[in-house]
Structure formats: C-alpha cells, structure tokens
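>>> Can you look at this prediction? I've put the sequence above it.
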Amino acid sequence: MNTKLTFLSIGLFAAFAIQAQCPTAAVVLATQAEVNAFPTTYAGCTAFPDGVDLEVMGLDITDLSPLTQLTSIGGILEIRDCPILSSLTGLNNLTSVGNDALDGFILRDLPALTNLSGLSSLTKVTGEFTVRTCNALTDLTGLNNVDTANGSLIIRDNANLTTLSGLESLVHIGETLELVQNYALTSVAALSNVNSIVGGPEGGIFIEANTVLTNLTGLGNNSTTVGGNLDLAFNDDLSLALFQASVII
C-alpha cells in the first residue's frame, strides 16, 4: 500500500474519532462545571449511543446551554434534583430520547423549572416519559412537537399544573397514561389527538387524586382505543360524561 495513503487513512480515522468522542458508559453531570465541560469532554458527539444514559443532577446547576450539541439520547435522559434550574434551554436540538422500553426521559424534583420551552424539537420518547414534582409548571408548553410516547406517560405530583397544554400533538402512548396528584389540574383537553393507548396487563389509564378535575373532556376522541386498565380514584369532583375513548380491557 502506498505509504502516503496509509498515513492519510490513519489521519482521517483519528480526526473522525476526535470529532465524535461519544461516551460508552453512563454520564453523570453533578455540577455546573461538569455541564460546562461537556462540549470539550465529548467534542463532536451529537447522539449518545444505544443504552448510554445521561443524568443531570446537581445543587448548583442553572444552565444547560452547553448541551446544545445533543440531538438524541440512546438510553435514559434524567434531569432531577436541580433546585435552581429554571430552564431547559440547551436541549433545543434534542429530537428523540430512548430506544427501548427500559429507556426514557425523566424530569423530576425541579422546583424552579417554569416551562419546557427548551424541548421544542423533541418528537419521540421511547420508554418512560415522566414529569414529576416540578411545582412551578402551570402547563406543558414546550412539548408541542412530541407525537409519540412509546411507553408510559407519567404526569405526577405537580402542584400548580392546571392544564396539559403542550401535548396537543401527542397521538400515541405505548403503555400507560398516569395523571396522579396534580392538585390544580382542571383540564385534560390537550390529549384530544391521542388515538391509542396500547396498555397491556399493567398498562392503561390511571387518573388519581386530581382533586379539582371535574371532567375528562378532550381525553381522546371517538376513535381512540385504550387497552388494559381504567383506574379512576380519589378525583373528588370528576364526571365521566364526556369520556369518549373506547376502553378495551
């Protein structure tokens, strides 16, 4: 082989490797300094490989803009226990999270998070999709392009969430819709385009302890099918008069 071509091939391979330094094991970002170092540590990496998780969890984390290079996460993306994080700006280029049922996207214990507008490019989540104990959220605006949740959609323990606005593009839920202990929730109308909730032996619809929710108007439509369970409990003022989905147990 021509020596010059050999060195050229090696050089191109090395350059590619430098450009895409994606991790092969789970990444935990526990401080703002670690978040800031992400573009250098994983230079050129836009897509975390299948099964590789990213966890962001830290008391001083305020800014996710150093993560702007990310377009997909092949494992779990978990952002939790960041008490002063008020925005998800920096995830604007993220289009998908997860590749199988054990993956997912979890937002939990983020008391200062006021909106989800940083997720404007997200379209698909495979695995669990959870928004839990994000008590500054009043709606889910920012999830407007999510059309598929291939797993459970869990909206739970969000004290000031009044509507599910932001989920209007959602058409498919792979296993479970769980709306639990959202004490200010008054409307589920944003779910009117959901055509199927696959359910299964442990899946279906679970709506519990949403104490001011008076009706399920807009939860699906005349063509919506739900497989599995229908569990409605401790919703003090709830009427089922306008629940239009066809439940298949």
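Arrived safely.

>>> And for F234, the neighbour number?
Using other Cβ atoms under 10 Å, F234 has 12 other residues around it. (C-beta placed from N, C-alpha, C; glycine too.)

>>> Tell me where the model's unsure across this structure.
1-20, 240-249 (pLDDT under 70).

>>> who's in contact with stretch 150-157?
98, 101, 104, 124-133, 140, 161, 164, 170, 172-182, 203 (Cβ atoms under 8 Å, 6 or more residues apart in numbering).

>>> now do 7 Å
Stretch 150-157 is touched from outside by 101, 104, 125-133, 164, 173-182, with contacts defined as Cβ atoms under 7 Å, 6 or more residues apart in numbering.

>>> cool, and stretch 34-41?
By Cβ under 7 Å, 6+ apart, stretch 34-41 touches L29, V56, I61, D63, L64, P66, L67, Q69.

>>> list the contacts for the last one?
What it means is Q69. P39, T46.

>>> before we move on, which element is it in?
Taking DSSP states H and E as the definition, Q69 sits outside all helices and strands.

>>> Run through the residues that contact E78.
Residues in contact with E78 (Cβ under 7 Å, 6+ apart) are E55, I106.

>>> which residues does it bridge with?
E55, I106 (DSSP bridges).

>>> could you measure it against L107, distance?
Counting by Cβ to Cβ, to the nearest Å, the separation of E78 from L107 is 8 Å.

>>> circling back to that earlier point, list the ones among the contacts of stretch 34-41 that fall in strands.
L29, V56 (DSSP state E).

>>> Among the contacts of stretch 34-41, which one lies nearest to N229?
Within those, proximity to N229 (Cβ to Cβ) peaks at V56, which comes in at 32.9 Å.

>>> Might you report the residue contacts of that closest one?
L29, V35, I79, C82.

>>> Could you identify which of those has the most neighbours?
That'd be C82 among these, by other Cβ under 10 Å, with 25 neighbours.
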